[in-house]
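[1] quick one, fold the following:
(chains A and B)
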Amino acid sequence: MGITHVCFGLSYLIALGLELAQQAWPSRALRVAGLVFGIAGLVTHTIFIVFHQPSPASAYGSLLLLAWVIAVFYLYASLHERTRAWALFGLPVVLILVGLSALSYGRSENDGSWFAGEHFWGAVHGILVLAASVGITVAFLASVMYLVQSRRLRMKRSPVGGVRLLSLERLETMHRRAINLAFPLLTVGLLLGAVRAPLTGAEAGAWTDAKILGTVGLWLVALLLLVLRYAAHLPPRRLALLTVAAFGLMLVTLIAAHPFAAEGAR
Amino acid sequence: MNLVAVGASFRTADVSVRERVAFTDDQRDAAATELAARYGCEAVLLSTCNRVELYLARPTDGELPDAELLSEFLGQFHNVEPTTIRPILVERRDGDGIRHLFRVAASLDSLIVGEGQIAAQVKGAFEAGLRLGTTGPLLNALFQHAQQAAKRVRTETGLSEGHVSVSSVAVDYVRQVFDHFNDKTVLVIGAGKMGRLTLKHLGELHPRQVLVANRSPERAHEVAAECDGKAVAWEYLDDALVQADIVLSATGAPEPVVTRWTYTDVRHRKAGRTTVILDIAVPRDFDPAIHDGETTFVFNIDDLKNVREQTLARRRAHAERAEQIVEEECRRFIDDWGRRKNGQVIALLTQEFEARRREVLEPLLSRLNGKLTEKDRRDIEGAFRLYQNKLLHGPITALGEASREGGGAGLLEALRRLFRLD
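    The predicted structure follows:
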């Protein structure tokens, strides 16, 4: 199979270019062309995943799977809310994830059997952490859009013209739901990993590995986001800034090699 | 093309004259019927607060009334001296008339370029003509095409984007902050004319409740009754501010009603809830320092007017493209109409040439039967067909050109006579 990261990465990149052109020179043809390239990217991305069956325990796999979910999210949103510039925010994230995945491709474990029956709990752990990552990425997207929208309102810019965004309230709801969902998933995923790790014969030093510390750090940030929202009533703009930082931490964590990957991904 | 558009607008007459020649719906219907009957033509009458225009047409040749006659008609109808009306009337014929209607329908000729009402008013005038039976083939085609042109301008340019009234801009801002309103509280402080208009727009969002605070309890109750809201005693203004998600302030107070310091306590009690304050009072009711762009957004009258100016500037930037679209649609209509009008003559002309070609060619081919190869036969037939097409090309092109230039009736008649097409 000749499909590589370049194929779908390039499709997404062209889709982003067309979306940018669409913002400058609004036209139906550009919008449709952008969607076609986005769909083409998603199709090749899907075929790549089906053939390579990447493990969420590997950096390349987790980033690739996360990119796929965000690509589905952006396309779904673009088709359902045509007037909003979902592609402008979703596609750069997809491209970053695909790019990082491509960079990690050579060094990661990849035997394609991570979901096999004998590693059921490992797969559940991987899926839960991945789902939590999806939540954090969606919260990040909502946060970036929130920051742009709130800046426009702070500067009292015209509500007409420019990139069309959702209302602050809707973006805040999107952020809240994403974090509310990500936190329990991350908690259960981490607990499952902690229970299962000793069974894989992990060495004691593996617990201080960047991946493990990063994931625990991410859990703490997610907890902090919940506390600051519900107990301290921190303004949504500051929560959005913290979420941007959380996304950065998540990327670092995903790129780091999994200390138990050789065992867990087999 | 046989069309005349005669009218007065805000460009040619001030409101004191326009109001004397304006039509109510009933008057418009009566006048259109009278025009169609008196001059034996198709008639549509457009009357808005900014213009009164008469569109008269005949698909065939024949004199149509001019501005002089129509000023007399308007004078009789409205009991106004025709000498008062004639100077404000502008007469546009054929292509100019079409272009004018398309520009009017696309809101390019409006007082506020891009306003959305005029398209509906043009449609209303046309539908009245249809209902009364005063329209015919030309005005039916023309007004339908005008609506298509207006739709193209609306969808392919940003000419109609955004709002330009202060109250609508205020609601636009509110919509940028909030998504749904059935759980929101609107607080109205004071309420002048502008405040009531904005409140009307906010009411269309269907908020959960409307609170009204006024220094005068009677006035508060009066406004509350109008908007199905609840009056709040002035002493409890701070409590109402804590409850409110959207504040509309329009008092006539000479000093700010809410200072930064008084709002600090309110902000604290709101526990991070977002609030939009629309301060449309002059002098301002809210200290501008209250605007933090985080949980509290204050938009005063100047902010709203700035947006209005930005919207108008954006619309002006789209006007050039809109004019191009109007020009394209204008040409398309003239071509289509020309084809429709000339189609019958062109078909007859083609049939005539076809018959003459066969008359000459068939005996010739019979005479040469047996002496020609199949290829020779096809070449001869092709040459005759080419000759026929070359002969037809001139008259057909000339007809098209004449139609585009607004004439063509004389040429049509000449062709009928020259080639005995009847």
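[2] residue numbers of the stretch 51-200 of chain A in contact with chain B?
    A:149-156, A:158-161, A:166-170, A:173 (Cβ under 8 Å from any Cβ of the partner chain). Using the backbone N, CA and C atoms, a C-beta is placed for each residue, glycine as well.
[3] which of those residues count as buried?
    A:149-150, A:152-153, A:156, A:158-160, A:166-170 (16 or more other Cβ atoms under 10 Å in any protein chain shown).
[4] mind checking the SS state of the residue of the stretch 1-150 of chain B found nearest chain A?
    Residue nearest to chain A within the stretch 1-150 of chain B: residue B:114 (11.2 Å; Cβ to the nearest Cβ). Of the three states, residue B:114 takes coil under DSSP: H, G, I helix; E, B strand; the rest coil.
[5] residue A:190 now?
    Going by three-state DSSP: residue A:190 is helix.
[6] same question for residue A:20.
    Relying on three-state DSSP, one would call residue A:20 helix.
[7] longest helix anywhere in the chain?
    Let's take chain A. Secondary structure of chain A per DSSP state H: the longest helix is helix A:120-154.
[8] nope, chain B
    Secondary structure of chain B per DSSP H: the longest helix is helix B:301-367.
[9] averaged pLDDT, it. What do you get?
    Looking at helix B:301-367 alone, the average pLDDT works out to 87.
[10] again, but for stretch A:148-168
    86.
[11] can you check stretch B:121-135 too?
    Mean predicted lDDT for stretch B:121-135 stands at 93.
[12] run the chain-centre distance for that stretch.
    15 Å (Cα atoms, centre = their mean, to the nearest Å).
[13] same question, stretch A:154-165
    27 Å.
[14] residues in contact with the residue of the stretch 1-150 of chain B closest to chain A?
    B:107, B:159, B:160, B:161, B:164, B:315, B:318 (Cβ atoms under 8 Å, 6 or more residues apart in numbering or on different chains).
[15] from residue A:157, how far off is the closest residue to chain B within the stretch 1-150 of chain A?
    As assessed by Cβ to the nearest Cβ, chain B sits closest to residue A:150 within the stretch 1-150 of chain A, at 6.4 Å. Residue A:150 sits 11 Å away from residue A:157, taking Cβ to Cβ, to the nearest Å as the criterion.
[16] then residue A:67?
    32 Å.
[17] more neighbours: those two, which one.
    residue A:67 (27 against 16; other Cβ atoms under 10 Å in any protein chain shown).
[18] show me the contacts for that one.
    Residue A:67 neighbours (Cβ under 8 Å, 6+ apart): A:45, A:93, A:94, A:97, A:98, A:101.
[19] closest to residue B:378 among those residues?
    residue A:45 (58.2 Å; Cβ to Cβ).
[20] mind giving me the packing neighbours of the helix or strand containing the closest one?
    Assigned by DSSP states H and E, residue A:45 belongs to helix A:28-52. In terms of contacts (3 or more Cβ pairs under 8 Å, 6 or more residues apart in numbering or on different chains; DSSP states H and E), helix A:28-52 is packed against helix A:5-24, helix A:59-80, helix A:86-104.
[21] same thing but at 7 Å, please
    helix A:5-24, helix A:59-80 (3 or more Cβ pairs under 7 Å, 6 or more residues apart in numbering or on different chains; DSSP states H and E).
[22] what is the burial count for the nearest residue to residue A:85 once chain neighbours are set aside?
    Using Cβ to Cβ, 6 or more residues apart in numbering or on different chains and skipping residues adjacent in sequence, the residue nearest residue A:85 is residue A:163, 4.5 Å away. Residue A:163: 13 surrounding residues under other Cβ under 10 Å.
[23] give me the secondary structure label for residue A:163.
    Residue A:163 - assigned by three-state DSSP - is coil.
[24] give me the phi and psi for it.
    Here the main-chain torsion angles of residue A:163 (degrees, to the nearest 10) amount to phi -70, psi 130.
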